[in-house]
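In: need a structure here:
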Amino acid sequence: MCGVLGVIGNHEAFPDLYQGLLAVQHRGQDAAGIITYDGRFHVKKGNGLVRDVFTVENAQRLTGKVGIGHTRYPTVGGGRGEDAQPFWASSPFGIMMAHNGNVVNYAKLKDKLFKKHHRILNSDCDAEVILHVFAEALALQKARALKPHHVWKAVKGVYDQVKGSYSIVAYIAEQGLVAFRDPYGIKPLVYGLRRDGLLPSFAVASESVSLDIMNFQDIKNVEPGQAVFIDQNRKLHSRRIVRCPHTPCLFEWVYFARPDSIIDNVNVYLCRVNLGRFLAEDIKKLGLEIDVVVPVPDSARDAAIEIARILT
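Out: Below is the predicted model of the structure:
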């Protein structure tokens, strides 16, 4: 469980990234990070909450109208600062990337990247594996300027090799912002636009609440197996690269997500209320005598209130 965020726009990206990360702080409190781009990558990441990792000095240093942010809850790797996201690679073009999910064949891919492609990974985080698999698939095409079909082919390279759950946001220097979701759509990912200039700004996030707080609109899902590419002219391209049965993570609705988020067109709060109603109906059918309903953890409160209301 992590929170990812990417912005390409008309103004400095750091204020949006900082505000957007605070909205998904619940998805990870172990570490936070931001990389921005203004002709070079500017990096700040470390252990702790968003408000503690980023200082006024960071805000002044993290310049650029493009950036990626992340809040981390570790699933692969330890709690070291080196494992905090986003990550970046210098070639091809220069790529920065963050992800939410869990790569199950991480160790095998890390070994392959070193032995076959001579790419060394400097962390124990599975996001770095995805970054280098994507970079290698992009480099093999030897493109001087990227077109959407180059991006689709690189994403397909990830789909062919990386097994597990992953929602990705990446920026390829001077080429564009990329977002894609694993073939089964296990972890959520949404994107939206904000009309704040001659060209619109775009943002990608784990949850719709991040885009809401940054005043992005026309929010849509990145579908399972779909890739979205927003080029330097702010033209949006998308393609469903593979088609598999949608198999979302149930914990997004019962635990991970904020209740005011909408995931895969489902209101999280109403989902929890309905789950409470279904459970209350089962309790009534079984004829169980309930004295007290206690929400554990606190994300169960919406369901617990509905159970108590029906059983009263």
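In: tell me the confidence at the closest residue to Leu199 other than its chain neighbours?
Out: Spatial nearest neighbour of Leu199, excluding adjacent residues (Cβ to Cβ, 6 or more residues apart in numbering): Arg234 at 4.1 Å. C-beta here means a position set from N, CA and C on the backbone, and glycine is covered the same way. Listed pLDDT for Arg234 reads 96.
In: ok, Arg234 - contacts?
Out: Counting by Cβ atoms under 8 Å, 6 or more residues apart in numbering, Arg234 makes contact with 8, 199-202.
In: now Gly3
Out: Counting by Cβ under 8 Å, 6+ apart, Gly3 touches 21, 24-28, 70-71, 100, 205-207, 210.
In: quick one: which of those residues is nearest Ile305?
Out: The closest of those to Ile305 turns out to be His26 (Cβ to Cβ; 19.5 Å).
In: how near is the closest one to Phe14?
Out: Per Cβ to Cβ, to the nearest Å, His26 is found 21 Å from Phe14.
In: repeat that for Asp124.
Out: Note on Asp124: its distance to Phe14, by Cβ to Cβ, is 28 Å.
In: cool, Asp160 as well?
Out: 35 Å.
In: more crowded one of the two?
Out: Remark: of Asp160 and Phe14, Phe14 carries more neighbours, 24 against 11, as counted by other Cβ atoms under 10 Å.
In: in terms of contact, does the more buried one touch Ala59 like I think?
Out: Yes - between Phe14 and Ala59 there is a contact at 5.6 Å, judged by Cβ atoms under 8 Å.
In: low-confidence ranges in the protein?
Out: Applying pLDDT under 70 to the chain picks out residues 75-80.
In: all helices in it, in order from the N-terminus.
Out: Under the criterion DSSP state H, helices of the chain are mapped to 13-23, 50-53, 56-61, 106-117, 126-139, 148-161, 208-213, 251, 268-286, 301-311.
In: next up, the contacts around Asp38.
Out: Applying Cβ under 8 Å, 6+ apart, we find Asp38 in contact with 63-66.
In: redo that, cut-off 7 Å
Out: Contact analysis of Asp38 by Cβ atoms under 7 Å, 6 or more residues apart in numbering lists 63-64.
In: how about Ile68?
Out: Taking Cβ under 7 Å, 6+ apart, we find Ile68 in contact with 5-6, 35, 86, 96, 98, 169, 171.
In: what is it paired to in the beta sheet?
Out: Using DSSP bridges, the beta-bridge partners of Ile68 come out as Gly6, Ile35.
In: distance check, it against Ala13.
Out: Distance from Ile68 to Ala13, counting by Cβ to Cβ: 9 Å.
In: what of Leu275?
Out: Between Leu275 and Ala13 the computed distance is 37 Å (Cβ to Cβ).
In: neighbour count winner among those two?
Out: Counted by other Cβ under 10 Å, Leu275 and Ala13 do not tie: Ala13 has more neighbours, with 30 against 18.
In: and the closest residue to the more buried one other than its chain neighbours, how far is that from Phe93?
Out: Spatial nearest neighbour of Ala13, chain neighbours left out: Gly67 (3.6 Å); criterion: Cβ to Cβ, 6+ apart. Distance of Gly67 to Phe93, computed by Cβ to Cβ: 16 Å.
In: so those two - more neighbours on which side?
Out: Gly67 (30 against 18).
In: dump the helices of the chain into CSV; add distance to Ala257 as well.
Out: Shown next, in CSV, are those (distance: least, Cβ to Cβ, whole Å):
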stretch, distance to Ala257
helix 13-23, 11
helix 50-53, 18
helix 56-61, 28
helix 106-117, 25
helix 126-139, 20
helix 148-161, 24
helix 208-213, 9
helix 251, 9
helix 268-286, 5
helix 301-311, 12
